[in-house]
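Visitor: Based on what follows, work out the 3D shape:
(2 chains)
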Amino acid sequence: MKFKNQNRWGITVAGVALLALVFFLTPLSFSGEFFDIAAQAAEQAAEPAAENSAEKTEGAEAASPYGPAPKTTLASYPTVKGVNSRLVIWLVAQLHLWFAAFVLAVPIFVFIIEAIGMRTRDRRYDNMAYEFIKVSITAYSLTAILGGLLLFSLMLFYPDLWSYLATIFKDSMFWYAVLFFAESACLYLYYYGWHWLQGGDRKWVHLTIGLLLNAVGTMLMFLANSWLTFMMSPEGVDAAGVFAGDIWPAIQNHLWNPINLHRVVANVAFGGSIVGAYAAFKFLSSSRAKDRAHYDWMGYNANFIAISALLPLPFAGYYLTTEIYAFSQQMGITLMGGIFAWLFIIQAVLIGALFLSANYYLWCCMGRSDGAVRYYKYIKYIAIVIVAAFLVWFTPHTLVLTNEELKALGGPYHKYVGPFGIMPAKNTAVNLMILATFVSFLFYRRANKIATVSWVNAGNAAQVALFLVGVVNIFILGVYYGYFTNTVYKIAASIPQVCTTLTIIVASILIDSFMYRNSKEVAPLKWGRVPERSQYALFLLAVSFTWLMGLMGYIRSGIRQHWHVVDIMRDNSADAFTPTMGFAANVVSIGTIIFLSMVIFVFWLSQISAKKTEPENYWVPEAVDGMAAGGGKG
Amino acid sequence: MRNFLKVAFFSLLVIGLFAGFANFGIPRIEPAPPPTEEKIDLGSLTMDQFLVLGEKIYKGKGTCTLCHNALGGRAPLLEKAAAVTAARLKDARYKGDATDIESYLVESMIKPSAFVVAGFGKKGTQDAVSPMPDVSAGSIGLNEVEIAAVTAYLQDMGGVEVTVEIPEDAGDSAAEDEEQQRKPYESAEDIISEIGCGACHKVGEDEGEQGPDLTKIGAIRSAAHIRKSILDPNAELSKGFEKDLMPNDYGTQLYASELEMLVEYLAKLK
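Guide: Model prediction:
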């Protein structure tokens, strides 16, 4: 037995080591010697943060065999009759991204759920993990097909841009393609080997394959991210776009890591919401109590995954935005204070919809427990906090107004509502919104339990005190530093605000888990006892996430404005202009409808694979009978 | 099926609400088109007009007011920038080569880190590096005339004497230098390919549709007519085609010999 345990740990350690190797060694191969990288990293760390990319690589042109970025004219962009090239690229790239996000996210939480199942030996987790991977399996080939379509579209419609990017990223593009073999191998082994690799060491092997699948998938995404972030914040090239020859600075450009982090977190939230919608639909379609209980439980877990990733997402977004400002104030202001600022008002509506639907679902879910009645009276206060926070987030920073409107308002800001438009107010609001959602979750978690420890009153008091002190701290940081000190502190105060929120959440979970250890159940949880309208909250979550991703994808790409590669390669195509927000929203809406239709198709495929039809009088019975008897028609 | 339809309707409703809000809930703004370099007739400009040009660039193409405004506090206000130059030049932190107000203002636009106003430096640089880009490069890309106009405007706004002289020649920009040094195209096919006639016209292997079909243009138009249409496309429009679709600057983009080569080629297409 001891030997077996050692085996298990050995396999896991080997898996983790392999993961580490994949992550840390592969990028090194792009630029050659390890010590060059180390020296370069040290050099970069010593450089002032402000030094821009053009300065870093000054003089590269003289030493580089590469030419400057292409200068395009209208004739450089081939056209296909009746086809708008920008729209094609926009929709195909977005569809590819939606599917890629989904297929990268599902293995992350499938891996975690499988591990939970192994730890608790609760088969339901294993079954659920398998069902999640099963419903997503066809999406992998769709992702690859859309990726191929995107590649062809880029080569066809934007040949100079493609050629320029391929010149710089040829090494990583080659390895990107090769990695697909590893991704496919891991995926098929993980999925088709699920029932084969069960129990004991086999299960550890299976889990390790899941880990490798995630490592390869994440690496693929990081590589692709470097190409698009290079277009936003180019490095490794000089001011004319001449490539210095070392791919690593081009990969590790200013916005690479912020985008990597943001996408990993967002993908999990998005993937959770999509499988949540699947569970919700199955719940609504099921008539048997057992099936409804199963899909209710599945939907709850999917929602839990989505919300767990949603909570830190705004912080990842702030990190990304801060880095955009650090790279280029002009780009940052275009994003937050220029034409794109209005898109953040639309984003506020979507985030509001996400938080409201997530909370509403949790409140509905409290109906599974008879003990939840104790907490119903607090729900209205949580709702008030969330709506108030949403309204603050919704308040625009600056308004584009006519002279008459400006005169009537007395300036660009409203006398009373204006202060809510700036970031300190929004930071405060989002922290409160997250805390309110956490309280909903805490109530849900406690609904069916009664704590039995002797220090229950002290524990509750400590939690209340924690929340009160934390909320006061968030307010002081937001109001004092946001309005009564200079700009530097306005932004800097958001970090202790985030830390406060995270401290409250972590400390509260710790207190709660100790307090509810060995707790009594009020009554068995009744899975399936939720109103049908609660399932629509899950659909709202999935649709809002999809639409939001489309919108944010447009903003991220759109802030390059008339540049293929910012400040390096200008877009001189007929579509180099920024479209109106209404037009962008319509494209996002069409994309969302196409994506959701394809997802329905994927889910439907996973269902028909389990169905079997036995047609009457179709097959010749003698043939089957003959085989059974050891004969056959020869 | 009923459930599917209900869910599909609900999802479409949600998407419709989001799209509706984006279309009708916020102002319908037409974003500005990509910036282009304006041709400036410097010979006829008065100083007042030059100052107006400076203000226009300051608030428009130069994107100065994005950061230099009273609302965001991201960059120092420039109303008094010219007036405080003397103090800046004596400051121990000044790292530039300017000797007077005019050269200081020009330097602050193309080498913004020569002097960084306290509190406005890039994070972590102790005000040693400015977050401002070089306005003569990258996405702003002002030429010398435009920088001179902004300098004059800043001097005027700061209440000091405007020392900038209106440049006599507008052709100082890097793009124009490049244009002047360009090697002539070797054939009419090269011209058609390089300036992109085929994007709008059907000519050679291109299938453009926005302009008239040129594959047999020589059969219906004389060389003189073709020349006139290239130089002044709006002078006589072909039936069914709109005004202002074709650029009217090919007269300045092409050398005379190239224009003639192109006209001769098109006139032979019968």
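Visitor: So which elements touch the helix or strand harbouring residue A:189?
Guide: Element membership for residue A:189, per DSSP states H and E: helix A:159-192. In terms of contacts (3 or more Cβ pairs under 8 Å, 6 or more residues apart in numbering or on different chains; DSSP states H and E), helix A:159-192 is packed against helix A:2-31, helix A:123-157, helix A:200-232, helix A:247-251, strand A:563-565, strand A:569-570. For glycine as for every other residue, the C-beta is placed from the backbone atoms N, C-alpha and C.
Visitor: gap between the second one and the chain center?
Guide: The chain centre lies 15 Å from the centre of helix A:123-157; the measure is Cα atoms, centre = their mean, to the nearest Å.
Visitor: buried residues in it?
Guide: A:125-126, A:128-140, A:142-144, A:146-147, A:149-150, A:153-154, A:156-157 (16 or more other Cβ atoms under 10 Å in any protein chain shown).
Visitor: go on, stretch B:211-225?
Guide: Applying 16+ other Cβ under 10 Å to stretch B:211-225 flags B:211-212, B:214, B:217-218, B:221 as buried.
Visitor: now that stretch: mean pLDDT?
Guide: Across stretch B:211-225, the average pLDDT comes to 86.
Visitor: Stretch B:184-199 vs chain A: in contact?
Guide: Yes - with Cβ under 8 Å from any Cβ of the partner chain as the criterion, chain A is reached by stretch B:184-199 at B:193-199.
Visitor: Quickly note the distance from the closest residue in space to residue A:473 that isn't next to it in sequence to chain B.
Guide: With Cβ to Cβ, 6 or more residues apart in numbering or on different chains as the criterion, residue A:473 has its nearest non-adjacent residue at 5.0 Å, and that residue is residue A:500. Using Cβ to the nearest Cβ, to the nearest Å, residue A:500 is found at 22 Å from chain B.
Visitor: for chain B, what spans make up the strands?
Guide: B:202-203, B:206-207 (DSSP state E).
Visitor: who wins for proximity to chain A among those?
Guide: When the strands of chain B are compared by Cβ to the nearest Cβ, strand B:206-207 sits nearest chain A, at 6.4 Å.
Visitor: neighbouring strands for that closest one, and are they parallel or not?
Guide: With DSSP bridges as the test, strand B:206-207 is paired with strand B:202-203 (antiparallel).
Visitor: Any idea how far the strand it pairs with is from the middle of the chain?
Guide: That offset, for strand B:202-203, works out to 29 Å (Cα atoms, centre = their mean).
Visitor: What lies in contact with that strand?
Guide: With contacts defined as Cβ atoms under 8 Å, 6 or more residues apart in numbering or on different chains, strand B:202-203 is touched by B:192, B:197, B:208-209, B:213-215, B:269.
Visitor: give me the element the nearest residue to residue A:428 once chain neighbours are set aside is part of.
Guide: Take residue A:428 and drop its neighbours on the chain: the residue closest to it by Cβ to Cβ, 6+ apart is residue A:478, 3.3 Å away. Under the criterion of DSSP H and E, residue A:478 resides in helix A:456-483.
Visitor: Okay, buried residues for that helix please.
Guide: A:459, A:463, A:466-467, A:470-471, A:473-474, A:476-478, A:481-482.
Visitor: Same question for stretch A:523-542.
Guide: Buried residues in stretch A:523-542 (16+ other Cβ under 10 Å): A:525, A:527-528, A:530, A:534-542.
Visitor: Just put these in TSV and tack on distance to chain B and secondary structure.
Guide: Converted to TSV, the buried residues of stretch A:523-542 look like this (distance: Cβ to the nearest Cβ, whole Å; DSSP: H, G, I helix; E, B strand; the rest coil):
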residue	distance to chain B	secondary structure
A:525	25	coil
A:527	19	coil
A:528	16	coil
A:530	16	coil
A:534	13	helix
A:535	9	helix
A:536	6	helix
A:537	11	helix
A:538	10	helix
A:539	6	helix
A:540	6	helix
A:541	10	helix
A:542	8	helix
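Visitor: residues near the residue of the stretch 51-200 of chain B found nearest chain A, how many?
Guide: Using Cβ to the nearest Cβ, the single residue of the stretch 51-200 of chain B nearest to chain A is residue B:196, 2.8 Å away. Using other Cβ atoms under 10 Å in any protein chain shown, residue B:196 has 19 other residues around it.
Visitor: counting contacts, what elements does the helix holding residue A:478 pack onto?
Guide: Against helix A:456-483 (3+ Cβ pairs under 8 Å, 6+ apart) you get helix A:423-446, helix A:487-492, helix A:494-515.
Visitor: Report the rounded mean pLDDT for the shortest one.
Guide: The reference is to helix A:487-492. Rounded mean pLDDT across helix A:487-492 is 62.
Visitor: How about residue B:245, nearest residue that isn't a chain neighbour?
Guide: Closest to residue B:245 by Cβ to Cβ, 6+ apart is residue B:210, at 5.9 Å.
Visitor: So what does that neighbour have for phi and psi?
Guide: Main-chain dihedrals, residue B:210, degrees, to the nearest 10: phi -80, psi -20.
Visitor: That one reaches residue B:200, doesn't it?
Guide: Yes - using Cβ atoms under 8 Å, residue B:210 makes contact with residue B:200 at a distance of 4.1 Å.
Visitor: Who has more neighbours out of these two?
Guide: residue B:200 (22 against 12).
Visitor: Residue ranges of each domain in the chain, please.
Guide: Answering for chain A, as no chain was given. A:85-333+A:528-613, A:370-524 (automatic domain parsing).
Visitor: Wait, chain B was what I had in mind.
Guide: B:42-176, B:183-267.
Visitor: Just name the most buried of those.
Guide: Among the domains of chain B, judged by mean count of other Cβ atoms under 10 Å in any protein chain shown, the one packed with the most neighbours on average is domain B:42-176 (a mean of 17).
Visitor: What's the mean pLDDT across that one?
Guide: pLDDT averaged over domain B:42-176 gives 84.
Visitor: interface residues of the stretch 101-250 of chain B facing chain A?
Guide: So the stretch 101-250 of chain B meets chain A at B:113, B:119, B:121-125, B:128-133, B:137-140, B:193-199, B:207-209 (Cβ under 8 Å from any Cβ).
Visitor: thinking again about what came up before, what's the most distant pair in the buried residues of stretch B:211-225?
Guide: B:211 and B:218 (16.0 Å; Cβ to Cβ).
Visitor: How about stretch A:231-238 and chain B, touching?
Guide: No - on the criterion Cβ under 8 Å from any Cβ, stretch A:231-238 is out of touch with chain B, staying 10.6 Å away.
Visitor: Quote the end-to-end distance of that stretch.
Guide: The straight-line separation of the ends of stretch A:231-238 (Cα to Cα, to the nearest Å) is 14 Å.
Visitor: now stretch B:70-88
Guide: 21 Å.
Visitor: now what about that stretch, what contacts it?
Guide: Contacts of stretch B:70-88 (Cβ under 8 Å, 6+ apart): A:329, A:333, A:337, A:398, A:412, A:486-487, B:64, B:67-69, B:94, B:98, B:100-101, B:104-105, B:108, B:115, B:117, B:120, B:131-132, B:154-155, B:157-160.
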